[in-house]
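K.L.:
Fold the following, please.
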Amino acid sequence: MNRRSLRNRIFDENELESESSELETSSEYEENDDERSERSSDDSFESDSSDIEPLSQEILEGSAVNLDIRMNSKNGLIEYTKEPFVRGRRFSFRHQSNVSKGPTAFAISAVDSPLSAFVLILSPIEEHILRMTNLFGARTYRNNWEHLTIQQLRAYFGLLLLAGVYRSYGECVTQLWNVDKGRAIFRKTMSLDMFKKIQRCIRFDDREERNRRDKLSPIRFVFDKWTAHLKTLYTVGKTVTIDEQLVPFRGRYPFRQYVPSKPAKYGIQIWIICDSESYYTHNAQVYLGRVANTAVERNVGQRVVLDLCHGLTSRNVTCDNFFTTYALAKDLHKQKMTIVGTIRKNRAELPPILLDMKRKPVFHTEFVYEPQLQAILLSYVPKKNRFVTLLSTYHRGLEIDQSAKKKPNLITFYNKTKGGVDTLDQMVGTFRSKRKVNRWPMALFCNMLDISALNAYIIFTHIFSD
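P.N.:
Numbering: from 1, shown residues only. Below is the predicted model:
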């Protein structure tokens, strides 16, 4: 592109008409607006300084104005700059190293074996489950129901986990107790009839006192007590990951979700926040869908992140583009937290300079700074005609590695910390304890057992790492 084309791009139509007498007409330079905009997106251009006089100050000022417009967000509410920022004291909570990660003093004093760690996690809900199960069993079997004890309930939980270790999800229960082909430990723990009775009668609430307006009411009390207790046993590190988990279940219930990217595709969707390194589950929330006769909820991802991060501070949250917004970054900043995450390209807070990337070369990085939050936004081209956009309020500045792919440090950090929940789901799903059941509360509770077993393992190995 030569300077004559640059003049045609910068001046408006009136200025072009006034300058038309001074410019030479040639078919080579007769372009429409679309062609000029395409040529203006080229990375570089050549010019012959001997044929064209230097650009005037007026033209240079016009170029600066156009650049400023491109550095504003699409909605015009956020101003970006290319100038790196200097962090002040009000951002000193970032990169704090005084976060003590690991089991709490309460957990350390109570755990001396893997079993004690597992029992500690389930201790707030065991008695309630036992009471509700005995209540339903007495109503169902009347005088034929034998009062269940806490030892029998724990034995039932153990057999569920052991069946998951044997990967016997598709195996008939009678085969597990079979004398010839089964496992002796099942027969020695309890009878098959007792196992089937508990499987049928286990309940998590009193149906006669159930809140019909709450979709999660059959297990609400147990789930909330369990998630609240998880926070008291382990302190997560400086980086946490938020993502969804899909518990496989195809039965009938009002909040079944279809996620085609997941192997199970249909199931119960749970939002989870976990430690990015140890994969300890810190908090969880079941997605119940839209409430009947109400408007569609806006900014679900933002609300979920704030709910899961309640009580946390001085942490960084890594999440995908379903959650990441500029408004979420502002809300987390109020909690003295940072965020690193991919951001959807249709967000109004993005400047056009980060979206004009289709003609950029592979491994090219375009970036801007946001002074108010001291955030960095960038677009990176990993493949031809593909680019990813990312927002970070965690990093101090932009650095490009010296490898062939020239990855920015934001991309490297995101790839390192984004897989916390996915790894957790993989570890839990490998030895899933869920049997083939027709009741969704039981499917959800089996997933709680699996996560409890993983959390118990993390707590125990951290205490007895030697």
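K.L.:
residues in contact with residue 127?
P.N.:
Going by Cβ atoms under 8 Å, 6 or more residues apart in numbering, residue 127 touches residue 150. Any C-beta I mention is one placed from the backbone N, CA and C, and that applies to glycine too.
K.L.:
Can you report how many residues neighbour residue 342?
P.N.:
Residues lying near residue 342 (other Cβ atoms under 10 Å) number 19.
K.L.:
Can you give the distance of the lengthiest helix in the chain from its chain's centre?
P.N.:
The helix that spans the most residues within the chain, counting by DSSP state H, is helix 114-141. Mean-position distance between helix 114-141 and its chain equals 31 Å (Cα atoms, centre = their mean, to the nearest Å).
K.L.:
If we go by neighbour counts, what in stretch 219-239 is buried?
P.N.:
Using 16 or more other Cβ atoms under 10 Å as the test for burial, stretch 219-239 gives 219-223, 226-227, 229-231, 233-239.
K.L.:
From start to finish, how long is it in a straight line?
P.N.:
End-to-end distance for stretch 219-239, by Cα to Cα, to the nearest Å: 30 Å.
K.L.:
gap between that stretch and the chain center?
P.N.:
Between the centre of stretch 219-239 and the centre of its host chain there is 17 Å, according to Cα atoms, centre = their mean.
K.L.:
need the contact list for residue 460.
P.N.:
Taking Cβ under 8 Å, 6+ apart, one finds 111, 113, 114, 117 in contact with residue 460.
K.L.:
Quick one, which of these are buried?
P.N.:
Buried positions within these, assessed by neighbour count (16+ other Cβ under 10 Å), are 111, 117.
K.L.:
so which two of the contacts of residue 460 are the farthest from each other?
P.N.:
Greatest spacing in these, by Cβ to Cβ: 111 and 114 (8.6 Å).
K.L.:
any idea how far residue 356 is from residue 74?
P.N.:
Distance of residue 356 to residue 74, computed by Cβ to Cβ, to the nearest Å: 12 Å.
K.L.:
So residue 446 is in contact with residue 161, correct?
P.N.:
No. Between residue 446 and residue 161 there is no contact, the gap being 9.3 Å when judged by Cβ atoms under 8 Å.
K.L.:
Compare the two and say which is more crowded by neighbours.
P.N.:
Counted by other Cβ under 10 Å, residue 446 and residue 161 do not tie: residue 446 has more neighbours, with 21 against 17.
K.L.:
tell me which element the more buried one falls in.
P.N.:
Per DSSP states H and E: residue 446 is located in helix 440-463.
K.L.:
Confirm that residue 158 sits in a strand.
P.N.:
No. If the criterion is DSSP: H, G, I helix; E, B strand; the rest coil, then residue 158 is helix and not within a strand.
K.L.:
Pull the number of nearby residues for it.
P.N.:
Using other Cβ under 10 Å: residue 158 sits among 17 other residues.
K.L.:
Leaving out chain neighbours, which residue sits closest to it?
P.N.:
residue 189 (7.2 Å; Cβ to Cβ, 6 or more residues apart in numbering).
K.L.:
what pLDDT does the one you found get?
P.N.:
Looking at residue 189, its pLDDT is 94.
K.L.:
was I right about residue 253 contacting residue 440?
P.N.:
Yes. Between residue 253 and residue 440 there is a contact at 4.4 Å, judged by Cβ under 8 Å.
K.L.:
Can you pick out the residue with more neighbours from the two?
P.N.:
Neighbours per residue, other Cβ under 10 Å: of residue 253 and residue 440, the larger number sits with residue 440, 22 against 17.
K.L.:
What's the separation between that one and residue 217?
P.N.:
On the measure of Cβ to Cβ, residue 440 and residue 217 end up 12 Å apart.
K.L.:
roughly how far apart are residue 374 and residue 79?
P.N.:
Noted for residue 374: a distance of 13 Å to residue 79, by Cβ to Cβ.
K.L.:
In terms of neighbours, single out the busier of the two.
P.N.:
Between residue 374 and residue 79, counted using other Cβ under 10 Å, the more crowded position is residue 374 (20 against 14).
K.L.:
so what's the residue nearest to the more buried one when sequence neighbours are not counted up against?
P.N.:
In space, and not counting its chain neighbours, residue 374 is closest to residue 85: 5.0 Å by Cβ to Cβ, 6+ apart. Residue 85 makes contacts with 369, 371, 374, as judged by Cβ under 8 Å, 6+ apart.
K.L.:
Strands of the stretch 351-466 of the chain, residue ranges please.
P.N.:
Taking DSSP state E, counting those that start in this stretch as the test, the strands found in the stretch 351-466 of the chain are 365-370, 375-383, 386-392.
K.L.:
quick one: which of these is nearest residue 213?
P.N.:
Taking Cβ to Cβ, strand 386-392 is the member of the strands of the stretch 351-466 of the chain nearest to residue 213, at 37.2 Å.
K.L.:
neighbouring contacts of the closest one?
P.N.:
Outside strand 386-392, the residues that touch it by Cβ under 8 Å, 6+ apart are 324, 326, 329, 338-345, 350, 354-355, 357-358, 360, 375-382, 410-411, 413-414.
K.L.:
buried subset of the residues you listed?
P.N.:
For the contacts of strand 386-392, a burial check counting by 16+ other Cβ under 10 Å picks out 324, 326, 329, 338-343, 350, 354-355, 357, 360, 375-381, 410-411, 413-414.
K.L.:
Please flag which of these sit within helices.
P.N.:
In this view, the buried ones among the contacts of strand 386-392 that belong to helices under DSSP H are 326, 329, 410, 411, 413, 414.
K.L.:
any idea how far the second one is from residue 244?
P.N.:
Think residue 329. For residue 329, the distance to residue 244 - Cβ to Cβ - is 20 Å.
K.L.:
export the contacts of residue 460 to CSV and tack on distance to residue 258 and pLDDT?
P.N.:
Shown next, in CSV, are the contacts of residue 460 (distance: Cβ to Cβ, whole Å; pLDDT from 0 to 100):
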residue, distance to residue 258, pLDDT
111, 40, 95
113, 41, 94
114, 37, 94
117, 36, 96
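K.L.:
just to revisit the earlier point, secondary structure element for the residue nearest to residue 374, which one?
P.N.:
Applying DSSP H and E, one finds residue 85 in no helix or strand.
K.L.:
what's near enough to touch the residue nearest to residue 237 when sequence neighbours are not counted?
P.N.:
Among residues not flanking residue 237 along the chain, residue 101 sits closest, at 4.0 Å (Cβ to Cβ, 6+ apart). The contact partners of residue 101, taken as Cβ under 8 Å, 6+ apart, are 235, 236, 237, 238, 275, 278.
K.L.:
who touches residue 355 in this structure?
P.N.:
Residues near residue 355 by Cβ under 8 Å, 6+ apart: 345, 379, 389.
K.L.:
wait, residue 77
P.N.:
Contacts for residue 77 (Cβ under 8 Å, 6+ apart) come out as 348, 349.
K.L.:
Could you do residue 210 as well?
P.N.:
By Cβ under 8 Å, 6+ apart, residue 210 lies in contact with 217, 218.
K.L.:
Could you rerun that using 6 Å?
P.N.:
Applying Cβ atoms under 6 Å, 6 or more residues apart in numbering to residue 210 gives the contacts residue 217.
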